[in-house]
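Peer 1: Take a look and give me a structure for this.
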Amino acid sequence: ESNSIAGDIIKRVDINTGENVNYRETTTWYDGSAMNDSKVDGVMYKKIKNDYFVNTLFNQKIPLNAVHFGVKADGVTNDTISLQKAIDFGIKADIEIKIPEGVMVISSIVIDFSKNPNMRDFKFTGYGVERSKFLNTDDSAIVVDIRGINNYQFVRVGNFSVHRPDTGTPSGGIGVSYKKSVYVALEDIDVFMFNQGFEFQDVALGELNRINARWCGKGFEGKMANGGFTPPNLLAFNNCGFHSCTNTAVKLENCHSIKFDSCGFEGNDADALDVLFHGANGGVGVTLINNYFEGNGGEFDVRISSYNKGIHNFIGNTFNRLNEAKHTTYNILFEAIAKTDQSLIMIGNSFFEAGNYVPSQNRPHWRVAWNPKAVNVVDHNNSFTPQYVNRVAYKSYSGTITALQKEAIRVRPDGTFTDDLATGITASKFNSGTFLITSVNDISDIKTLSILPAIGDASILNFPIFAWGLLNANTLQILTRVNGVADLNGDFNLVFEYS
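Peer 2: The predicted structure follows:
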């Protein structure tokens with residue numbers, strides 16, 4: 001470090017960055033109060049002999065890089081204290097703090113707006129999720145802890161990632177927490193392998209662009225605290241991702257006026273999106289537009305638990321079930337707990353099955369539970385397999401439910417049969433191990449089919465293997481094998497549905 005005095009200018013070299021920085025003599029602090037020794041931080045304000053100097057970068061109101069406060073970002077040094085100094089100064093001085101490039105090992109940093117209640121438009125941003133990274137390895141409850149003051153603060157945070165060590169199992173606490181604030185923006189934040197990715201508590205009027213929770217326990221949770229300031233409302237999730245979470249990917253409590261637009265929910269072990277709607281301060285619960293749900297487990301892709309009258313919109317979303325071993329019971333589950341007017345609007349959504357998933361009438365694409373007669377349903381969806389919606393009386397219904405025809409028959413080893421539903425179906429034994437099932441109707445568009453041995457038949461000693469195919473528009477051909485032998489040792493039941 002070298003000094004030279006020319007008038008009121010001190011020329012110095014920053015020992016952290018190597019930059020040439022200038023300091024100008026000052027008698028006032030940034031808030032206009034008189035300078036004294038307690039206001040000297042050694043970075044932006046210095047004292048030489050009996051005079052005070054301020055870094056001219058600060059005077060110019062350009063963003064300050066946290067490296068000026070000692071942040072190393074080398075992936076080894078614990079940068080918590082240095083980064084906290086930078087944040088505290090930025091809030092007090094109402095100036096943007098830049099997160100440097102590199103990996104910063106941190107425990108917990110707190111962005112506390114109570115330190116400057118009059119601050120507006122604070123920014124805490126990095127250079128991108130792959131360039132500015134926080135690494136947390138201890139048991140901190142919250143790593144990036146943002147604390148508002150129940151006010152309009154117009155805060156923007158983003159362009160960084162928060163990671164735990166990749167052990168294959170979520171650990172630690174919460175990656176990013178935001179409390180008590182209005183007008184907030186989170187953009188380009190990647191949270192990886194935490195027990196919980198994001199937390200919103202008493203936050204409204206939020207724009208969330210490209211936030212990502214991967215391999216976490218919970219992905220995102222939003223709620224109002226007991227006696228809190230506001231429920232989650234007027235939150236817009238745009239191009240966000242919630243993937244491979246072991247618990248509920250996104251849970252929102254007592255919310256209204258929530259929008260998810262072009263977000264992905266993939267590979268979650270449990271439910272993807274769980275919404276509790278009370279309608280306390282708004283009649284629109286959630287609106288989902290152009291989102292993608294694929295390969296999730298749990299009971300549902302989306303559940304709306306509706307405790308009050310209100311409207312909920314699904315527009316142009318894709319639901320895809322892939323695996324017979326891991327799938328949801330319902331793509332959309334609407335729990336109409338309230339007995340007053342509620343509306344479920346579904347337009348242009350696609351329900352698709354792939355992989356080895358087998359559609360079933362026990363796993364409908366959507367279901368209305370509890371009080372369906374209180375729900376107005378608009379169903380203008382597209383399905384690549386039968387919709388299998390629950391056929392109950394709604395308050396009103398707009399859409400098309402194609403009723404499937406069903407036939408059932410019990411076939412004996414000699415080809416004799418019982419027509420269980422009296423539909424005119426017949427059976428005959430073509431040859432050893434081959435049976436022909438003939439319907440009076442066109443059954444070429446079969447939707448579901450099951451063949452099971454008659455368990456109650458004591459003559460069945462070994463369970464047979466079945467295969468089937470359409471011989472023509474009215475006839476099924478059934479092949480049977482028992483221990484490799486082409487014949488039966490007991491009756492079988494055949495049930496199928498067709499349109």
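
Peer 1: So residue 38 lies in a helix, does it not?
Peer 2: Yes. Counting by DSSP: H, G, I helix; E, B strand; the rest coil, residue 38 is found in a helix.

Peer 1: so how many other residues sit close to it?
Peer 2: Other residues near residue 38 number 7, with proximity taken as other CB atoms under 10 Å. Every residue, glycine included, has its C-beta placed from N, CA and C.

Peer 1: Next, find the distance separating it from residue 435.
Peer 2: Between residue 38 and residue 435 the computed distance is 94 Å (CB to CB, to the nearest Å).

Peer 1: Likewise for residue 193?
Peer 2: Where residue 435 is concerned, residue 193 sits at a distance of 55 Å (CB to CB).

Peer 1: Ok, residue 85 next?
Peer 2: In this structure, residue 85 lies at 81 Å from residue 435, with CB to CB as the measure.

Peer 1: Ramachandran angles for residue 93?
Peer 2: Note on residue 93: backbone dihedrals following degrees, to the nearest 10 are phi -90, psi 0.

Peer 1: what about it, neighbour count?
Peer 2: 18.

Peer 1: who's in contact with it?
Peer 2: By CB atoms under 8 Å, 6 or more residues apart in numbering, the contact set of residue 93 is 30, 44, 58.

Peer 1: quick one, what contacts the first one?
Peer 2: With contacts defined as CB under 8 Å, 6+ apart, residue 30 is in contact with 54, 58, 92-93.

Peer 1: Grab the most central residue of this protein for me.
Peer 2: Relative to the mean C-alpha position of the chain, the nearest C-alpha, by CA atoms, centre = their mean, is the one of residue 242, at 3.7 Å.

Peer 1: quick one on the thing from earlier: who's more crowded, residue 85 and residue 435?
Peer 2: residue 435 (25 against 18).

Peer 1: Might one say that that one is in contact with residue 409?
Peer 2: No. Between residue 435 and residue 409 no contact is recorded; they are 9.9 Å apart, counting by CB atoms under 8 Å.

Peer 1: Common neighbours of those two, please.
Peer 2: In the contact map built from CB under 8 Å, 6+ apart, the residues linked to both residue 435 and residue 409 are residue 427.

Peer 1: what about residue 436, neighbour count?
Peer 2: Every residue meeting other CB under 10 Å relative to residue 436 is counted, giving 15.

Peer 1: can I assume it is in contact with residue 472?
Peer 2: No. Using CB under 8 Å, residue 436 makes no contact with residue 472, being 10.1 Å away.

Peer 1: Okay, now the unreliable bits of the stretch 1-150 of the chain?
Peer 2: Per-residue confidence of the stretch 1-150 of the chain (counting by pLDDT under 70) places the weak regions at 1-21, 59-60.

Peer 1: The closest residue in space to residue 474 that isn't next to it in sequence: neighbouring residues, count only.
Peer 2: Nearest non-adjacent residue to residue 474, counting by CB to CB, 6 or more residues apart in numbering: residue 439, 5.4 Å away. Neighbour count of residue 439, defined by other CB under 10 Å: 19.

Peer 1: repeat for residue 465
Peer 2: Counted with other CB under 10 Å, the burial measure for residue 465 works out to 12 neighbours.

Peer 1: Over to residue 397?
Peer 2: When neighbours are defined as other CB under 10 Å, residue 397 has 17 of them.

Peer 1: residue contacts, it?
Peer 2: Remark: with contacts taken as CB under 8 Å, 6+ apart, residue 397 is in contact with 376-377, 379.

Peer 1: now for the helix or strand encompassing residue 153, which elements pack on it?
Peer 2: In this structure, residue 153 sits in strand 152-163 according to DSSP states H and E. Applying 3 or more CB pairs under 8 Å, 6 or more residues apart in numbering; DSSP states H and E, one finds that strand 152-163 contacts strand 123-125, strand 132-135, strand 142-147, strand 171-192.

Peer 1: Let me have those strands in a markdown table, adding mean neighbour count and distance to residue 117 as columns.
Peer 2: A markdown table is the format used below for the helices and strands packed on strand 152-163 (neighbours: other CB atoms under 10 Å; distance: least, CB to CB, whole Å):
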| stretch | mean neighbour count | distance to residue 117 |
| --- | --- | --- |
| strand 123-125 | 20 | 17 |
| strand 132-135 | 22 | 27 |
| strand 142-147 | 22 | 12 |
| strand 171-192 | 22 | 12 |
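
Peer 1: Serialize those to CSV and add fields for distance to residue 253.
Peer 2: Listed next are those as CSV, based on distance: least, CB to CB, whole Å:
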stretch, distance to residue 253
strand 123-125, 27
strand 132-135, 27
strand 142-147, 19
strand 171-192, 15
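
Peer 1: and which of the contacts of residue 93 is nearest residue 230?
Peer 2: Comparing the contacts of residue 93 against residue 230 with CB to CB places residue 30 closest, at 31.5 Å.

Peer 1: Quick check on the closest one: phi, psi?
Peer 2: Taking degrees, to the nearest 10 as the convention, residue 30 sits at phi -60, psi -20.

Peer 1: next one: the one 5 residues further on
Peer 2: The phi and psi values for residue 35, taken as degrees, to the nearest 10, are phi -70, psi 150.

Peer 1: For residue 41, see how far away it is.
Peer 2: In this view, residue 35 and residue 41 are 12 Å apart by CB to CB.

Peer 1: Give me the more crowded residue out of those two.
Peer 2: Neighbours per residue (other CB under 10 Å) separate residue 35 from residue 41, with residue 35 holding more: 18 against 14.

Peer 1: what's near enough to touch that one?
Peer 2: The contact partners of residue 35, by CB under 8 Å, 6+ apart, come to 26-29, 45, 52.

Peer 1: Could you report the separation of it from residue 90?
Peer 2: Distance of residue 35 to residue 90, computed by CB to CB: 19 Å.

Peer 1: cool, residue 84 as well?
Peer 2: Applying CB to CB, the value for residue 84 to residue 90 is 11 Å.

Peer 1: In terms of neighbours, single out the busier of those two.
Peer 2: Counting neighbours by other CB under 10 Å for residue 84 and for residue 90 shows that residue 90 has the greater number, 24 against 20.

Peer 1: Let's verify the more buried one: helix, strand, or coil?
Peer 2: Secondary structure state of residue 90, per three-state DSSP, is helix.

Peer 1: hang on, it packs against residue 97?
Peer 2: Yes. Residue 90 is within contact range of residue 97, at 3.8 Å (criterion: CB under 8 Å).

Peer 1: Which neighbours do those two have in common?
Peer 2: With contacts taken as CB under 8 Å, 6+ apart, residue 90 and residue 97 have 64, 124 as neighbours in common.

Peer 1: what about the strands in the stretch 351-499 of the chain?
Peer 2: Secondary structure of the stretch 351-499 of the chain, counting by DSSP state E, counting those that start in this stretch: strands at 366-370, 375-383, 396-399, 405-411, 417-419, 426-431, 434-438, 446-453, 465-472, 475-481, 492-498.

Peer 1: want to throw these into a markdown table with mean pLDDT and distance to residue 162?
Peer 2: Listed next are these as a markdown table, based on pLDDT from 0 to 100; distance: least, CB to CB, whole Å:
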| stretch | mean pLDDT | distance to residue 162 |
| --- | --- | --- |
| strand 366-370 | 92 | 35 |
| strand 375-383 | 88 | 38 |
| strand 396-399 | 80 | 44 |
| strand 405-411 | 89 | 53 |
| strand 417-419 | 91 | 64 |
| strand 426-431 | 92 | 64 |
| strand 434-438 | 93 | 60 |
| strand 446-453 | 79 | 46 |
| strand 465-472 | 87 | 52 |
| strand 475-481 | 89 | 56 |
| strand 492-498 | 85 | 50 |
